[in-house]
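Student: this one's structure only:
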Ligand code: AMP
């Protein structure tokens, strides 16, 4: 199995690139944001519980996220690997992911961080707000999500740097150019 984490702030392009990598390397793409948005759209008990948190740009609890991940991973034992997009976002989530994978004799092959400056992120997210109309894409919430990233999620970069798994990729350029750089990181992992 090749298990990858695509890491980066909101607006870095994780969703777009994770979908392309999943297709190219036959991996299962797990976007926790998409899973939560689906729960909201279907008005499930979980969806109703998390909607206001997501709309404020805050993080949903580790407990909920870890349970979601556990359920997805245990349901898909047959896959060639996972690409995690938007998870982990906190150190407890990263620890839980390690435990879940190692329980199956698996591990993370690489944590690929997409590096993009904050002004560019905000510009992209404001454009996405116009194109997709996500309810957490207002300017105020966009800024809040960047702040949450900086304080709660960014510390994971050091965490993964220490494990030697971190690969940093500059996330500016066309989708195809960035994808090519990501493939250059992933290809050697297949061997
Ligand atoms: P995303 O589409 O990855 O930007 O996620 C949208 C929102 O879903 C985030 O702003 C959080 O409120 C919530 N969310 C997604 N993934 C996580 C996670 N791993 N931990 C906590 N909250 C999450």
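Tutor: Good, I have the coordinates. Values in this document were obtained by computation on a predicted structure and should not be read as measured data. Numbers count the residues shown, from 1 in each chain.
Student: find the least confident helix or strand in the chain, judged by mean pLDDT.
Tutor: Lowest by mean pLDDT, DSSP states H and E among the helices and strands of the chain is helix 118-132, with a mean of 88.
Student: anything in that one near the ligand?
Tutor: No. Using C-beta under 6 Å from any ligand atom, helix 118-132 stays clear of the ligand, with a minimum separation of 9.4 Å. Using the backbone N, CA and C atoms, a C-beta is placed for each residue, glycine as well.
Student: quick check: pLDDT value at the nearest residue to residue 41 once chain neighbours are set aside.
Tutor: Among residues not flanking residue 41 along the chain, residue 47 sits closest, at 7.2 Å (C-beta to C-beta, 6 or more residues apart in numbering). With respect to pLDDT, residue 47 has a value of 97.
Student: check residue 138 too.
Tutor: 87.
Student: what about the strands in the chain?
Tutor: With DSSP state E, the ranges of strands along the chain come out as 4-7, 28-31, 82-85, 110-115, 166-170.
Student: residue 88 against residue 97, yeah?
Tutor: Yes. With contact defined as C-beta atoms under 8 Å, residue 88 counts as touching residue 97 (5.4 Å).
Student: which one's more surrounded, the two?
Tutor: Using other C-beta atoms under 10 Å as the criterion, residue 88 and residue 97 rank with residue 88 on top: 26 against 22.
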